[in-house]
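>>> Fold the following for me, if possible:
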Amino acid sequence: MGSIEHSIQVFNWMKNQKNYCARNDIYNMMIRLHARHNRIDQARGLFFEMQKWRCKPDVEIYNALISAHGQAGQWRWAMNIMEDMLQAAIPPSRSTYNNLINACGSSGNWREALKVCKKMTDNGVGPDLVTHNIVLSAYKTGAQYLKALSYFELMKGTNVRPDTTTLNIVIHCLVKLGRYEEAVEIFNSMRGKRVGCSCNPDIVTYTSIMHMYSVCGQIENCQAVFNTLVAEGLKPNIVSYNALLGAYASLGMSKQASSIFEQMKHSGMRPDVVSYTSLLNAYGRSQQPVKAREIFDLMRRNNCKPNLVSYNALIDAYGSNGFLAEAVDLLREMEQKGVQPNVVSISTLLAACGRCCHKVKIDSILKAAKMRGIKLNTIAYNSAIGSYMNIGEYEKALMLYRCMRDKKVKPDSVTFNVLISGSCKMSKYNEALELLVEMMDLKIPLSKEVYSSAICAYSKQGQLVEAESMFNTMKVAGFHPDVVAYTTMLHAYNIGENWEKAFAVFQEMELNNVQPDSVACSALMRGFNKGSQPGKVLLVAQFIRDKKIPFTDSIFFELVSACSV
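Numbering: from 1, shown residues only. Next comes the predicted model:
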């Protein structure tokens, strides 16, 4: 029944009887019971106590103790117990090895798990399906997804057939690697029992596929998998509901998220901290920070303690909707409640400062992070640099970037995109090109935004050949230029007074189904005016009217200029 207190009372009563005789099976049972209740120290104490009663531990006792330490994540203790077992000349069984591999693997020590697995084979104990699943799970816990898939391929060459647990781990690894089609293929084979697969999908399988569709933003497919789960007669658990709730929340679909939340409660399930946080996040992303706060308060009233993720979600809800003061106050509130802010909290606040254009707040938040010993990561630095750029503090943004490099924090494409585009906006084209060279030296792949900014910088410096080269390199790299990139090239050809090439770029833009906007059209008209082609300006004006593109002041100016000629 798992009633540990009553069991201890009876056990102590037994030991006080005159005819008491210590027995292995009783100690084995008590050690396992303590392990179930996570009383590892007491379980270990029983192990030493039984030896005082001259009761010699057998393989089952050692297995129980290793398993107990494995469940508690104390893999080093489990290894030491195995050594004691070998010194006592008790040969380990397959269960012993499996328990030890699981103890290492569940703690993320996949290398140690493999060593034990090799030792197991060397000692003539062949691995079974449980062993293979534990090794796969160790790879999964250690985020070694490619190694897990390679091991699965080796496993296929043995006589051991995978079960549902095996395939669930494989699906999880494929999803983490972004190999979604392969994950769906395995899922379909499980459902249709194709390709020699005789494993029925369980609740974990369906939830993994739901999570995959959620990551891809395919909400309809996520809902369809949930509906299939129910239609197959499986009862959704809290994790399944949270996966669906999180999918809607990630896109800010608060009405649908709220509906799933209510459906979960009607099914008899008590929402947990993940459920509340997802709903809170949904309201934050749908620009309803007041509703987000209501969910946060509801969580507390229902005796569900908010965690760090909950606080960060509410900070984001406030910050992304312009409520900077409330977001900063929440940072103090979470500390008063004993929840320490992390780098995500700081990053979220820094991004909010940039949106609200608060220079002083950026400085104070960076100072607060330093006082609390929170080390900024790439995302946090990017938020701070972007915020400084948004308020025109170019020197501070650049100084922070240099600090980032000094702290050995690796910049990414977002870092350089913020710096290069910010430099261009402030007409610091030389600095933008210097940063571009630095980015290339660091072998950081250029993003579409960086290409557009680089084209702009080259053209503003009168380096038309370099701008053209960058534009062509962008297309060769597999990036389809957007309206910003095309417009940048139009401006570049205008500076070079080459209306023929500007017109060719505009035509290419149409061929690639990129809808020109007012800025692009006015740039082409300016090129025609510079090239003394007023008739073509009037044709562009007709094109603008036909495409129902808004007429701006720039377009009217170019049109008047053409008419006056």
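
>>> can I see the domain layout of the protein?
Following automatic domain parsing, the chain resolves into domains at 1-127+134-141, 486-565.

>>> Pull up the distance across the longest one, start to finish.
What it means is domain 1-127+134-141. Using CA to CA, to the nearest Å, the gap from the first to the last residue of domain 1-127+134-141 comes to 31 Å.

>>> Stretch 468-484 too?
End-to-end for stretch 468-484, by CA to CA: 15 Å.

>>> Just the residues contacting that stretch, thanks.
Residues outside stretch 468-484 that contact it (CB atoms under 8 Å, 6 or more residues apart in numbering): 446, 448, 451-452, 454-455, 458, 485, 489, 492, 509, 512, 514-517, 520. Yep, even glycine has a C-beta here, placed from its N, CA and C like the rest.

>>> I'd like the next helix or strand past the strand or helix carrying A249.
Using DSSP states H and E, A249 sits within helix 238-250. Read in the C-terminal direction, the helix or strand following helix 238-250 is helix 254-266, with elements assigned using DSSP H and E.

>>> quick one: buried residues of whichever helix or strand comes after that following helix?
Going down the chain from helix 254-266, the next helix or strand is helix 273-285, by DSSP H and E. Residues of helix 273-285 classed as buried under the neighbour-count rule (16 or more other CB atoms under 10 Å) are 274-285.

>>> quick one on the thing from earlier: to F261, which of the domains of the chain lies closest?
domain 1-127+134-141 (29.3 Å; CB to CB).

>>> how much space is there between the spatially most central residue of the chain and A183?
Most central in the chain under CA atoms, centre = their mean is V215, positioned 8.9 Å from the mean C-alpha point. V215 sits at a distance of 11 Å from A183 (criterion: CB to CB, to the nearest Å).

>>> what does N227 give?
Distance from N227 to A183, counting by CB to CB: 19 Å.

>>> Have a look at these two and say which one is more surrounded.
With other CB atoms under 10 Å as the criterion, N227 and A183 differ in neighbour count, and A183 comes out ahead with 22 against 11.

>>> so the more buried one makes contact with I171?
Yes: with the criterion set as CB atoms under 8 Å, A183 and I171 qualify as a contacting pair; they are 4.9 Å apart.

>>> Need the residues touching each of those two.
Residues touching both A183 and I171 by CB under 8 Å, 6+ apart: 208-209.

>>> Any regions of the stretch 101-250 of the chain where pLDDT drops low?
With pLDDT under 70 as the threshold, the stretch 101-250 of the chain has low-confidence stretches at 193-198.

>>> now swap in the stretch 401-550 of the chain and tell me
Residues of the stretch 401-550 of the chain meeting the criterion pLDDT under 70: none.

>>> what are the ranges of the helices in it?
Using DSSP state H, counting those that start in this stretch, the helices found in the stretch 401-550 of the chain span residues 413-425, 429-441, 448-460, 464-476, 483-495, 499-511, 518-530, 534-546.

>>> so N382 makes contact with K410?
No: using CB under 8 Å as the test, N382 is too far from K410 to be in contact (11.5 Å).

>>> Pick out whichever of those two has more residues nearby.
N382 (26 against 12).

>>> residues in contact with the more buried one?
Contacts of N382 were listed using CB under 8 Å, 6+ apart, and they are 412, 414-415, 418.

>>> what is in contact with V215 and A183 at once?
Shared contacts of V215 and A183, defined by CB under 8 Å, 6+ apart, comprise V175.

>>> quick one on the thing from earlier: now the helices of the stretch 401-550 of the chain as a markdown table including mean neighbour count and distance to N102?
Formatted as a markdown table, these follow (neighbours: other CB atoms under 10 Å; distance: least, CB to CB, whole Å):
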| stretch | mean neighbour count | distance to N102 |
| --- | --- | --- |
| helix 413-425 | 23 | 39 |
| helix 429-441 | 17 | 45 |
| helix 448-460 | 25 | 46 |
| helix 464-476 | 17 | 50 |
| helix 483-495 | 23 | 53 |
| helix 499-511 | 17 | 59 |
| helix 518-530 | 23 | 61 |
| helix 534-546 | 16 | 68 |
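
>>> Compile the ones you listed into JSON lines and extend it with columns for distance to K337.
JSON lines is the format used below for those (distance: least, CB to CB, whole Å):
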{"stretch": "helix 413-425", "distance to K337": "32"}
{"stretch": "helix 429-441", "distance to K337": "42"}
{"stretch": "helix 448-460", "distance to K337": "39"}
{"stretch": "helix 464-476", "distance to K337": "49"}
{"stretch": "helix 483-495", "distance to K337": "44"}
{"stretch": "helix 499-511", "distance to K337": "54"}
{"stretch": "helix 518-530", "distance to K337": "49"}
{"stretch": "helix 534-546", "distance to K337": "57"}
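
>>> out of the ones you listed, which comes closest to S250?
When these are ranked by proximity to S250, the top entry is helix 413-425, at 19.5 Å, counting by CB to CB.

>>> what's the angle between that closest one and helix 483-495?
Using axes from the mean of the first three to the mean of the last three CA atoms, to 10 degrees, the inter-axis angle of helix 413-425 relative to helix 483-495 is 40 degrees.

>>> And for helix 413-425, what's in contact with it?
378, 381-382, 385-386, 389, 394, 397-398, 401, 404, 429, 431-432, 435-436, 438-439, 444-447, 449-450, 452-454, 456-457, 460.

>>> do stretch 207-220 as well
Counting by CB under 8 Å, 6+ apart, 168, 171-172, 175, 180, 183-184, 187, 221-222, 225-226, 237, 239-240, 243-244, 246-248, 250-251, 253, 256 sit against stretch 207-220.
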